[in-house]
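J.: Any chance you can model this:
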Amino acid sequence: MGDRYDVVIAGGGPAGALLAYHLAQAGLAVTILERKQFPRTKPCGGGITPKTRRLIPFSIDGVVEDVITGGSIRYRDTLDLTWTEPVCYMVTRRRFDAFLLGEAARAGAEVRTGVAVTGAEVHPDGVYVHSTGGTYRAEVVAVADGANSRLARMVRPQGKRGFAISCRVAADHAGLFARRGRLGIDLSAAPGGYGWIFPKGDHLNVGIGTVYPGVRNLRALLDTYLAREGLSAGATTQIQGHPLPFEGLAGGRVTAVRTLLLGDAAGLVDPFTGEGIHNACLSACLAAEAILARRRHPARAVEVYQKLVRDNILKELKRAYLWGRVFYRYTGYAMRFLEKRPALARELWGVLFRGSYRDIWGCFGRYFLRAFRTV
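T.: Reported below is the predicted structural model:
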C-alpha cells in the first residue's frame, strides 16, 4: 500500500528542505510533500543570522539581498550600532525557500509540491502518510509544515502564541540606498515586541511582532509604525500576519511513535526575538543526526531526537523566555542602561545574532570586569 520511503517529510520550508538535503546526501530515500506550489510568498522578516548560516552546508550568496553591518535600536531615544562583521543576511522567503528546496532535490530528495498532508497512521511496518496525492509509507515521518500543522496537533495541543504582521513597502531609490546595510528596530512599536525595517533588493520589509498572546491590534500598530517612519505613502503590498508558536517552552515532547516535529510545527520560535528560521534549521540538522544515528532502525530515532532537541533547543528557549520577561517588562530601564554603554550594547546585540543566550552572561561579565579594572 503506497510508495515506500525511509522518511516522508511534511512541509518544504527551511526545516523540511534542509532535513531532506542531509538525508538524501546520506543515501536515504526521502520525499517532501508540500501543499503549496513553489516559489510562494511567505510572511516573515527574512533575516538569516550568522549562526543560522553556519547550519546551511552550502552557499546562499545567490539569494542574499542585503548584508547588515549596522542598525538603529529605538525606544524613546535611538541607539545607533555598527559592527565590523555582518550580523544578518537579508533574504525574501519566496526566493530563499525555493532555493533550499531546489538544493534538496539536487541532493536526491523527491519533491512533490501541490500535495497537502491530511493525516498519518502508525502501523507495525511503518507510518502511512495520507495526502491529496495518495498514501506514502515510511519508517519515519518528519512534520515540518509550519505553525498550523495538522499532524503536529496530533502529537501535542496548541499552546500560547505570539503574533506578527509584515508588509512589503516599495521605496524610491534614495530611500532604499539610505537603508542599505542597516536594520531598524523600534522597541516602542508594540508591547512585548518590536517593529522592524529590513532592506531587501528592491523594497523594504516592514513589520510588527509581539510575544504577548493578548495583543490583537497588530494592523493598527503597523499602520502607526509606517506613518511614524514616513513610509505610509509608499506602495504597501503583501500585508500578511502569522502566529509565533512557542509551545516548545513547555518542555513537552516533539516526538511520537515514528514521528518527529521540526521548526514551527514543534513550537520552536524564539520567545524573545520571535525569530524561527534558526531553530527550524537547527531542528532539521538534529533530526538528520538522529535518523542517521539509528539508520538500521529509524523508528528508534525519535528518542535520540527528543534528547537532542531538549539539550540544544528547549533549554535555550527557556533562557530566551527569561530574558524576554525581564527585557520587555523593563525596556525603558534596559535601553537607558545600554544607551550609556554603546560598546556593551553592540556586543549584546551581536551575541543575539551570532551566539546563544548563555553567552549574554559572558558579555556582562566581561563588561563589569573591565569596569572594575578601571576603578
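J.: Look up the closest residue to Ile68, ignoring the ones flanking it.
T.: Cys88 (4.0 Å; CB to CB, 6 or more residues apart in numbering). Yep, even glycine has a C-beta here, placed from its N, CA and C like the rest.
J.: got a list of what the one you found touches?
T.: Neighbour list for Cys88: Gly47, Ile48, Thr49, Pro50, Val67, Ile68, Leu183, Phe353 [criterion: CB atoms under 8 Å, 6 or more residues apart in numbering].
J.: now, which of these lie within strands?
T.: Gly47, Ile48, Val67, Ile68, Leu183 (DSSP state E).
J.: where does the closest residue to the third one other than its chain neighbours land in three-state SS?
T.: Once flanking residues are discounted, Val67 sits nearest to Pro86: 5.0 Å by CB to CB, 6+ apart. Pro86 falls in the coil class when you classify it by DSSP: H, G, I helix; E, B strand; the rest coil.
J.: Tell me where the stretch 151-300 of the chain has helices.
T.: Applying DSSP state H, counting those that start in this stretch to the stretch 151-300 of the chain gives helices spanning 173-179, 218-228, 277-293.
J.: what's the closest of the ones you listed to Ala26?
T.: Nearest to Ala26 among the helices of the stretch 151-300 of the chain is helix 277-293 (5.6 Å), distances taken as CB to CB.
J.: by contact count, what packs against the closest one?
T.: helix 14-25, helix 50-53, strand 259-261, helix 301-309 (3 or more CB pairs under 8 Å, 6 or more residues apart in numbering; DSSP states H and E).
J.: Quick one: closest of these to Leu344.
T.: With CB to CB as the criterion, Leu344 lies closest to helix 50-53 of the helices and strands packed on helix 277-293, at 19.7 Å.
J.: Rebuild the helices of the stretch 151-300 of the chain as CSV, extending it with mean neighbour count and distance to Arg112.
T.: Output for the helices of the stretch 151-300 of the chain, formatted as CSV (neighbours: other CB atoms under 10 Å; distance: least, CB to CB, whole Å):
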stretch, mean neighbour count, distance to Arg112
helix 173-179, 13, 38
helix 218-228, 17, 34
helix 277-293, 24, 18
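J.: Lowest average pLDDT across these?
T.: Note on the helices of the stretch 151-300 of the chain: lowest mean pLDDT is at helix 173-179, with a mean of 74.
J.: which other helices and strands contact that helix?
T.: Using 3+ CB pairs under 8 Å, 6+ apart: helix 173-179 touches strand 193-199, strand 204-210.
J.: how close does the closest residue to Val215 other than its chain neighbours sit to Tyr212?
T.: Excluding the flanking residues, the one nearest Val215 by CB to CB, 6+ apart is Pro191, at 5.9 Å. As judged by CB to CB, to the nearest Å, Pro191 and Tyr212 stand 6 Å apart.
J.: Pull up the overlap in contacts between the two.
T.: By CB under 8 Å, 6+ apart, the residues touching both Pro191 and Tyr212 are Tyr328.
J.: what's around the closest residue to Thr237 other than its chain neighbours, how many residues?
T.: Leaving aside its chain neighbours, Thr237 sits nearest to Arg168 (5.0 Å; criterion: CB to CB, 6+ apart). Arg168 has 21 neighbours, counted by other CB atoms under 10 Å.
J.: Arg168: what's it in contact with?
T.: Contacts of Arg168 by CB under 8 Å, 6+ apart are Lys200, His203, Leu204, Asn205, Thr236, Thr237, Gln238.
J.: Please produce a ChimeraX select command covering the buried subset of the residues you listed.
T.: ChimeraX command restricting the contacts of Arg168 to the buried ones, with burial defined by 16 or more other CB atoms under 10 Å:
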select :200,203,204,205,236
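J.: My read is that Gly159 contacts Phe246, right?
T.: Yes. Here Gly159 reaches Phe246: they are 6.6 Å apart, a contact under CB atoms under 8 Å.
J.: Can you name the two of the contacts of Arg168 that sit furthest apart?
T.: Greatest spatial distance in the contacts of Arg168: Lys200 and Thr236, 14.0 Å, computed using CB to CB.
J.: Pull the distance from stretch 312-330 to the chain's centre.
T.: With CA atoms, centre = their mean, to the nearest Å as the basis, stretch 312-330 stands 16 Å off its chain's centre.
J.: Which residues does it contact?
T.: The contact list for stretch 312-330, computed with CB under 8 Å, 6+ apart, reads 191-193, 211-212, 246, 248-249, 251, 268, 270-273, 279, 282-283, 286, 334, 356-358, 360.
J.: Report the buried members of those residues.
T.: 192-193, 211, 246, 248-249, 268, 270-273, 279, 282-283, 286, 334, 357, 360.
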